[in-house]
Every structure is written in C-alpha cells, then in structure tokens.
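dropping a prediction and its sequence here:
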Amino acid sequence: MVTEIVVMSGLVILALFVNYLYNGRGSYESLVSFLTDVVYWVLIPLTFFKTFGERGLSISDLWVLMSFLFFMGVVYVFVYRLRSFSEYGVREAVFLTSVFPNSVFLGFPISMAFFGTLEVASIFGFFTVTLNVVVPDFMRSEKPALSKLLKHPVTIGFLSGLALHYVFTDYVTTVSNTLFWASSLTSYSSALILGLRLPVRFSVLKKYLREAVFVGLFRFVLSPLVGLLTVLVFGIPWFKGLQLILVYSMPPALINIIMSQKHGWKPDLVSAVTAILTLLNLLCLVMLGVMIART
C-alpha cells in the first residue's frame, strides 16, 4: 500500500513541478486540456462502466446519497445562515469548496492506493459530481439542462454499467477481464491531471489562507465525521465504511474552479483554497500510509 501511495503522491508532485515551470508557456494548456479530455471522456466512463457493471447498485448507495445531502444541508446552514460575507461571490465560493470534494481526480487514486478498489469511490463520485454540476445552476436560479446531465461522462459510464449488470449479465465477466486496466490507469492519470491543473503561484495562495482554514474545517473535520456517522447509523461494513470516510475527507474538487469561473464566484479564492487543501491532504495521506505500514 505504501508503494502505491508514494507513486500517486510522486506523480502529483512531479506534475506540480512541471506545472510551476511551464504553466503559461508554449503548448502547455493545450497539452493539459488534451490529457484531461482523454481522462474525462474516455477513461472515466470506462471505469464507471466496468465498476457498475460488476457491482450494480445496493441499498447502502442510497445511504451514501442521504448522508451527502445531509452534509450539504449542514454546510448551507453554516455558510448562508450563521456567517456573513461582505463581498459578492465569497459565500458561494466557500459553499462550493466546503461541500464538493475531489472524489474522482484524487478520490479514485487514493482509494486504489489504500484499498485496491473503487467500489465506494465510484458511487460517491457519481453522486458528488452530478450534484456539483446541478447545484450551482440552482444557486444561480438557472434551470439545469437534463440533456447536459445525460451527456456527462460520469452519467454515461454509470448508466451503461447498470445496463451491463442488470440486462447483459452474461457479458459482465468478459467486460471486467477486458477492462482490467481501466481503474488503475484512470487513477494514475487522474493524479497526474490533478498536479497539472492545480494553481501553484504562492502570491495567490497566501492571500486566502483564512478562507482555506474555514473550508478545511468542513472538508477535513465535519465531512469525515458525517461519513463515520453514516457508517455507524446504517451498519455499513467497515471495509466499505473506511473507504467512505476516506473519500469524504478529500479536498475541494477541481470542477469547483470551473463552476466559480462560470458564475463569477471568486475563482481566484476557489483556486487558492483548492491548492492549499489538496497539498495538505496529500501530505497527511502519505504520513497515514507510512504509519499504517509500520503497524
């Protein structure tokens, strides 16, 4: 396990170094966009297709959704009812980064490194990514387009995987054996994309340290506590429960940056908070992996 964690972290650090040296130069952006499109439109749908083709759905998946909606409601009360923000867009930026975790580009590789499976990360990722697309439109009083949601690569992989599991059952083993590489390649590629996409300019990072601490309390304290509560209340087996707590503890999602840019909600704040908490999270996960290896 430690080897996998070191490899994942090494990929992110290497990508961050390349990011720092070459971001804004030459064809960097076009290359990163190409790699992101490959992961986003090819590897992620294939991974969801394989995973849900093998596992289908279970009642515990509903509990995961309920717990995440509960967590979202708690953050809403804190951010919108108990805290005031003077500058436009700050409240929305804090809400996005507090609620939506990086359940795919970081949650997938970390779940593979610690547990060797995406069973829980995949359903958690489906719920969070879907809501991450829909909720910001509701916040701006826009009508979310069903066609956009159905064309999302996560939705495509999810629905086709369910069709495989429940309709084309005889082909599940064949698909699983054929796509044996999909989960691992998606995880390693996601770690690479994460490092290439994170904002790493220190002048931006220092400006929003206070907001990072505030968001970090939700992401690294309240969020895993909700995951733990879900495990205890619904009696989820601990192997799955620990996976759930881990993906609940992920830093803010990269898609939050895109959503904040789309709606004008302080994208520089979202970028800085995402970078700070992601680096902190990676450091903690490496330390945790070393501690587990020594026990």
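Structure received. Quick caveat, the model's predicted, so the values are computed rather than measured.

once you drop chain neighbours, what's closest to residue 185?
Excluding the flanking residues, the one nearest residue 185 by CB to CB, 6 or more residues apart in numbering is residue 43, at 6.1 Å. Every C-beta, even on glycine, is put in place using the N, C-alpha and C of the backbone.

just say helix, strand or coil for that neighbour.
When classified by DSSP: H, G, I helix; E, B strand; the rest coil, residue 43 comes out as helix.

so what's the residue count around it?
By other CB atoms under 10 Å, the residues close to residue 43 number 22.

please report how far it lies from residue 4.
Separation of residue 43 from residue 4 (CB to CB, to the nearest Å): 18 Å.

the residue nearest to residue 185 against residue 183, yeah?
No. Between residue 43 and residue 183 there is no contact under CB atoms under 8 Å: 9.3 Å.

now do residue 54 against residue 92, distance only.
For residue 54, the distance to residue 92 equals 38 Å [CB to CB].

out of the two, which sits in the more crowded spot?
residue 92 (23 against 19).

the more buried one: what secondary structure?
Following three-state DSSP, we place residue 92 in the helix state.

low-confidence ranges, the stretch 1-150 of the chain, go.
Flagging of the stretch 1-150 of the chain using pLDDT under 70 yields the residue ranges 1-3, 141-146.

which stretches of it form helices?
With DSSP state H, counting those that start in this stretch as the criterion, the stretch 1-150 of the chain has helices at 2-22, 28-38, 44-55, 59-76, 90-99, 107-115, 119-139, 146-150.

among those, which is nearest residue 257?
Nearest to residue 257, of all the helices of the stretch 1-150 of the chain, is helix 90-99, at 9.2 Å by CB to CB.

residues in contact with that closest one?
Helix 90-99 is contacted from outside by 71-72, 75-76, 79-80, 83, 85, 135-136, 139, 211, 214-215, 218-219, 252, 256, 259-260, 263, 265-267, 269-270, 273-274, 277, using CB atoms under 8 Å, 6 or more residues apart in numbering.

next one: that helix to chain centre, how far?
Averaging C-alpha positions (CA atoms, centre = their mean, to the nearest Å) puts helix 90-99 15 Å from its chain's average.

just the CA trace of that helix, in CSV.
Below are the C-alpha coordinates for helix 90-99, written out as CSV (Å, rounded to 0.1, in the frame of the first residue of the first chain):
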residue,chain,number,x,y,z
VAL,A,90,-17.2,34.8,-1.5
ARG,A,91,-20.2,33.0,0.2
GLU,A,92,-20.8,30.9,-2.9
ALA,A,93,-17.1,30.1,-3.4
VAL,A,94,-16.9,29.0,0.3
PHE,A,95,-20.0,26.9,-0.1
LEU,A,96,-18.8,25.1,-3.2
THR,A,97,-15.3,24.3,-1.8
SER,A,98,-16.8,23.2,1.5
VAL,A,99,-19.3,20.9,0.0
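
in that helix, what's buried?
90-99 (16 or more other CB atoms under 10 Å).

what helix or strand is residue 259 on?
For residue 259, the host element (DSSP states H and E) is helix 255-263.

now for that helix, which elements pack on it?
If contacts are counted by 3 or more CB pairs under 8 Å, 6 or more residues apart in numbering; DSSP states H and E, helix 255-263 sits against helix 90-99, helix 119-139, helix 267-294.
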